[in-house]
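> Okay, sequence plus prediction incoming.
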Amino acid sequence: MAVLFSLLTACFKNDMPYPYVAGTIAEMDVEGALSCEIDVARNTVTLQMDETVDMSKVRIRSVRFGEEQTWPETAIEGVHDLREPMYVILGTYDTQRYRWKIEAKQAIERGMTVGSQIGKTVIDEKNLRVLLTVSKSVTLTYLQVESVKLGPKGITTYDKDLTAIHNFKEPIQVQVSYHNVTQVWTIYAQTSDKNVVVDRVSPRTRKAWIEASGLAGQRNGVRYRLPGETEWKEADSLVVDGGSFQALLDTLLPLTTYEYLAYTGEEETDPETFTTEDEQTVPNGSFEYATNVGKYFEWYDASAPDESARTVWWGSGNGSKAMGIDGSADMGYVICKPDEEQFVTGSRSACLVSQWAVVKFAAGNLFSGYFAGLVGTTGGKVNYGRPFTHRPDSLKCMVKYHCGPVNRIGESCPYPITPGQNDEGQVFVALGNWDYKKYGGTQACPIQVNTTDMTTKFNPNGDAVIAYGEYTLNHSTVSESGEEQWIEVSVPFVYKDNFTLPTHIVISFASSRLGDYFTGSDQSVMWVDDVRFVY
């Protein structure tokens, strides 16, 4: 099948001779692609291919570039072997060259089921192994295969008819073939001394996830109660996949112990317990504690009664005298400061101001982490993240935004920005388990972003991200009468994984979303107050 995917990407074109024009891919039509993600910050195209596509013969039907001056040094259209990434060079004018990476990923849905099976089938794609677990009441010398799929649908062949094989007392090998791929899979079967077991428990503050394995085709579920109660409650919601099931307990109290059990048919596990977490707050979330050191405004107070506000948790591009790091304030531009005239709670808010700083545009910003230093006069390094192991449902805050018209467009901006269009403010949150050795930061603040190197730009789809959410404002926050006002912003955490604990959290506010590209309005101002988690 052919699917057309597009991403409008361009860069502001000035009228100077030989202008800076980034060579970008804006649109790609690929036969058999399920999705196409074009990342102009990292110069990458990521294709998700249908499982039936021969990865050695992927047809790229057409490519559209972000600017008409762009041309490839070698042909992109045509049939390519994308079992490994493909690299292309895009040129603009005579001397500008840009290296792009085109990679294709293919997820093949594999599975196998037998009668009297307990839980999920374990598919080990790396080692080409299948593990089946069945009830203690059956014998491995007679199992009925109900379904098998170890390759792409409709085109996979097997050298054995597995539905005709019943004796799984010894491992069985089967040759699986499709396209030019031939694999030998080994199938193992084992019995369990229990028909229902709890595999994983993941308590949060006001909810808990429980994953268990039972007999497929039976009535499976999870019950819970407070210790001492006589009546059990059924899980608030249940997702069943054959003999595997996940239960959500969604009406819990913080710092409370609960009993739970899983069941399949009439058989139950022994009751076990878990304890929910407390409600962790955002350190200095109303920005009541600030220290003015020379040109710097930093969000901490060594004498604060709130222990979490005695050290720096929030950072900004101002720099940090507490850490001895120069920033925009050293050049006379304070882009984040307390405002004692605009606030919702307490006596002040954080005010983020976008402005033109002599030769560059600087966006007002505030984030969990710290500014790690200037990179000449062209940018800076930011270390994102603070230690955090809780899993809130959302982040809420009060925001007031004055949106200015875009009047600064950086040369490296890869997005279609028109002078005069509305600027955009942004709030984003992320939970993850980033390894500082991989992401360039420190153990306390693991992610380092260098604004002069867009390959380091924060990636919300990265492997280490457990949950992410964002909120964008493209207009001033005004009432029906036209007066600027505060609004409550809610940013839900969208979880990719309900069981993995995060190690760090990123919270970021920006008065100009494209500030990393020196793009926005020097009239945009964002006020932030009362930042809090909802559990």
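That came through fine.
> Quick one: residues contacting the residue of the chain positioned farthest from its centre.
For the chain, the C-alpha farthest from the mean C-alpha position belongs to residue 141; by CA atoms, centre = their mean, that distance is 45.8 Å. Residue 141 makes contact with 166-169 under the criterion CB atoms under 8 Å, 6 or more residues apart in numbering. Backbone N, C-alpha and C define where each C-beta goes, glycine included.
> Would you list the phi and psi of it?
Note on residue 141: backbone dihedrals following degrees, to the nearest 10 are phi -80, psi -10.
> just to revisit the earlier point, can you pick the most crowded of the contacts of residue 141?
The residue in these with the most neighbours, by other CB atoms under 10 Å, is residue 168 (21 neighbours).
> Contact partners for it?
Contacts of residue 168 (CB under 8 Å, 6+ apart): 114, 132, 140-141, 143, 187-189.
> now it, nearest residue through space, not along the chain?
Here the nearest residue to residue 168 in space, its sequence neighbours aside, is residue 189; by CB to CB, 6 or more residues apart in numbering that works out to 3.8 Å.
> With residue 518 instead?
Taking CB to CB, 6+ apart, and ignoring the residues beside it in sequence, residue 518 has residue 410 as its nearest neighbour in space, at 3.2 Å.
> ditto for residue 104
For residue 104, the nearest residue in space outside its immediate sequence neighbours is residue 82; the separation is 3.9 Å by CB to CB, 6+ apart.
> again, but for residue 435
Using CB to CB, 6+ apart and skipping residues adjacent in sequence, the residue nearest residue 435 is residue 446, 6.7 Å away.
> Residue 386 is in contact with the one you found, correct?
No - taking CB atoms under 8 Å as the contact criterion, residue 446 and residue 386 are not neighbours in contact, 9.7 Å apart.
> So for those two, which sits in the more crowded spot?
Residue environment comparison for residue 446 versus residue 386 gives the larger neighbour count to residue 446, 26 against 22, counting by other CB under 10 Å.
> I'd like to know how far that one sits from residue 466.
According to CB to CB, to the nearest Å, residue 446 and residue 466 sit 13 Å apart.
> mind listing the strands for the stretch 401-535 of the chain?
In the stretch 401-535 of the chain, the segments counted as strands under DSSP state E, counting those that start in this stretch are 425-432, 447-450, 465-473, 487-492, 494-495, 504-510, 525-534.
> For residue 213, which of those is the nearest?
Within these, the stretch nearest residue 213 is strand 494-495; the backing value is 21.9 Å (CB to CB).
> Next up, the contacts around the residue nearest to residue 435.
The neighbourhood of residue 446, defined by CB under 8 Å, 6+ apart, consists of 383-385, 434-436, 439, 503-504.
> want to try a markdown table for the contacts of residue 141, with distance to residue 227 and secondary structure as columns?
Formatted as a markdown table, the entries for the contacts of residue 141 read as follows, by distance: CB to CB, whole Å; DSSP: H, G, I helix; E, B strand; the rest coil:
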| residue | distance to residue 227 | secondary structure |
| --- | --- | --- |
| 166 | 46 | coil |
| 167 | 47 | coil |
| 168 | 42 | coil |
| 169 | 44 | coil |
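> returning to what we had before: what's the burial count for the residue nearest to residue 104?
For residue 82, the tally of surrounding residues (other CB under 10 Å) stands at 22.
> picking that back up, so for the residue nearest to residue 168, what pLDDT did the model give?
Taken from the predicted model, the pLDDT recorded for residue 189 is 97.
> one step back: may I see the strands of the stretch 401-535 of the chain organised as a markdown table, with distance to residue 231 and mean neighbour count added?
A markdown table is the format used below for these (distance: least, CB to CB, whole Å; neighbours: other CB atoms under 10 Å):
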| stretch | distance to residue 231 | mean neighbour count |
| --- | --- | --- |
| strand 425-432 | 35 | 25 |
| strand 447-450 | 47 | 22 |
| strand 465-473 | 34 | 19 |
| strand 487-492 | 33 | 15 |
| strand 494-495 | 30 | 16 |
| strand 504-510 | 38 | 24 |
| strand 525-534 | 29 | 22 |
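> Can you lay out those as JSON lines showing distance to residue 125?
Compiled in JSON lines, the strands of the stretch 401-535 of the chain are given as follows (distance: least, CB to CB, whole Å):
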{"stretch": "strand 425-432", "distance to residue 125": "24"}
{"stretch": "strand 447-450", "distance to residue 125": "29"}
{"stretch": "strand 465-473", "distance to residue 125": "23"}
{"stretch": "strand 487-492", "distance to residue 125": "32"}
{"stretch": "strand 494-495", "distance to residue 125": "24"}
{"stretch": "strand 504-510", "distance to residue 125": "30"}
{"stretch": "strand 525-534", "distance to residue 125": "37"}
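> Ok, which of those strands comes nearest residue 303?
strand 525-534 (21.9 Å).
> what angle do that closest one and strand 487-492 make?
Using axes from the mean of the first three to the mean of the last three CA atoms, to 10 degrees, the direction of strand 525-534 lies 50 degrees away from that of strand 487-492.
> by contact count, what packs against strand 525-534?
Contact here means 3 or more CB pairs under 8 Å, 6 or more residues apart in numbering; DSSP states H and E; on that basis strand 525-534 packs against strand 349-353, strand 394-402, strand 504-510.
> Nearest to residue 218, out of the ones you listed?
Nearest of the helices and strands packed on strand 525-534 to residue 218, taken as CB to CB: strand 394-402 at 36.3 Å.
> List the contacts of the closest one.
Strand 394-402 is contacted by residues 282, 285, 342, 344-345, 349, 425, 427, 429, 469, 473, 475-477, 484-493, 507, 511, 523-534 when judged by CB under 8 Å, 6+ apart.
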